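K.L.:
What follows is a predicted protein model with its sequence.
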Amino acid sequence: MVLDKVIQKHTPLTESTFYILIAVAEPLHGYGIMNRVKDLSGGRVQLGPGTLYGALSNLQQIGLIEAADDGSGSERRKAYQMTAAGRTVAEYEIDRLEEMARNGRDMLNIGGKNG
Amino acid sequence: MAEKKYFTPVETKTVHKAIFAWEDEKEERWLEEMSMQGWHLTGTIPYTYYFQKGESIKMVYRLDYKLTLDKDYQEYRQIFTDAGWELVWVMSNWHYYRILPENDKVPEIYSDNRSKAAKYQRVLAFLLILLPMMILYVPPSPISNHADFPEPWNFIVFTIGLTIKILFLYGVIRISLRVITLRKSLQE
């Protein structure tokens, strides 16, 4: 399947890329993505505009996100939204990260929601 | 420009300084030092920097490389503007950005090494397009003979041409090494 190849080729996603991808589960423009990622990570992940712009171009090129209408009517600010392929890759990454977190907790005897 | 209080156009200054493409981080630091002395960049052409006197305040400068002819260029500009970066000047695809840091954290236009490496790969891609022209047409050239010029011009043309060629190749090597170093840090 084509999607398996996409997953194989583009995962693991970098931290920035993963956050950008999940930030556009709903349509959002560049600056909105920057703020959402900052909020989601409690201020830990602060995307530089160059990094954000590059990741958006890449994600669009490999078909994980696409241009969307965010309803703001803004001509200059382009909005993006996750594609079906993007959602599959995000879900794959979530499973992988969960597995890592679960194993880490088990091995180190740290209590958690799965431990 | 009136809203920027660090920007009071009274005195100006021109500084001649040779900074090469592979020294962009050194250039950023120098522009920051200038801003601390109250000299704020207004523009640059090769070997020349123009400043205006304003408040002595530390501005953070960052250089980005982006082809202005790219079709998504407006979107690129918008993201930087929204993030608070002021575009001071553009010279042969080099974008001079500055920002007033809000707290102790140094603002960055690239927050990871992957995207930073991509910036230098864009510079490299452009240099590699010029490479055949550099080799073929700049003296000493395999297809035209600089010795055709009368004395002492043949020697002058040869020396200048060779210097340009060596600097160009040196630049390609330096930028390639930067890309390799940055990409090495990504390998898991």
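P.N.:
Yes, it's here.

K.L.:
surely residue A:104 meets residue A:110?
P.N.:
Yes. Counting by C-beta atoms under 8 Å, residue A:104 touches residue A:110, with 7.4 Å between them. For glycine as for every other residue, the C-beta is placed from the backbone atoms N, C-alpha and C.

K.L.:
So which bits of chain A are right by chain B?
P.N.:
A:12, A:14-16, A:30-31, A:34, A:45-55, A:57, A:76-78 (C-beta under 8 Å from any C-beta of the partner chain).

K.L.:
out of those residues, which are inside helices?
P.N.:
A:15-16, A:30-31, A:34, A:49-55, A:57 (DSSP state H).

K.L.:
So which of those residues is the closest to residue B:33?
P.N.:
residue A:50 (22.7 Å; C-beta to C-beta).

K.L.:
For that closest one, give me its contacts.
P.N.:
Going by C-beta atoms under 8 Å, 6 or more residues apart in numbering or on different chains, residue A:50 touches B:64, B:80, B:109, B:110, B:115, B:116, B:119.

K.L.:
Including distance to residue B:91, secondary structure and pLDDT, could those go into CSV?
P.N.:
Rendered in CSV, the data for the contacts of residue A:50 read as follows (distance: C-beta to C-beta, whole Å; DSSP: H, G, I helix; E, B strand; the rest coil; pLDDT from 0 to 100):
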residue, distance to residue B:91, secondary structure, pLDDT
B:64, 12, strand, 97
B:80, 16, helix, 96
B:109, 17, coil, 97
B:110, 20, coil, 96
B:115, 22, helix, 93
B:116, 20, helix, 95
B:119, 16, helix, 96
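
K.L.:
Turn those residues into a markdown table, including distance to chain A and neighbour count.
P.N.:
As requested, those are exported to a markdown table (distance: C-beta to the nearest C-beta, whole Å; neighbours: other C-beta atoms under 10 Å in any protein chain shown):
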| residue | distance to chain A | neighbour count |
| --- | --- | --- |
| B:64 | 6 | 23 |
| B:80 | 5 | 25 |
| B:109 | 4 | 25 |
| B:110 | 5 | 23 |
| B:115 | 4 | 23 |
| B:116 | 8 | 22 |
| B:119 | 7 | 23 |
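
K.L.:
As TSV, the residues you listed with distance to residue A:85 would be great.
P.N.:
Shown next, in TSV, are the contacts of residue A:50 (distance: C-beta to C-beta, whole Å):
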residue	distance to residue A:85
B:64	29
B:80	28
B:109	29
B:110	26
B:115	22
B:116	27
B:119	27
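
K.L.:
Can I have the buried ones of the residues of chain A next to chain B as a ChimeraX selection?
P.N.:
To isolate the buried ones among the residues of chain A next to chain B in ChimeraX, judged by 16 or more other C-beta atoms under 10 Å in any protein chain shown, type:
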select /A:16,30,31,34,45,46,47,48,49,50,51,52,53,54,55,57,77,78
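
K.L.:
Strands along the chain, start to end?
P.N.:
Using chain A here. Along chain A, counting by DSSP state E, strands occupy A:28-29, A:65-68, A:79-82.

K.L.:
looking at chain B here, not the other one
P.N.:
So, for chain B - with DSSP E - the strands run B:12-16, B:39-45, B:48-53, B:60-65, B:86-91, B:94-99.
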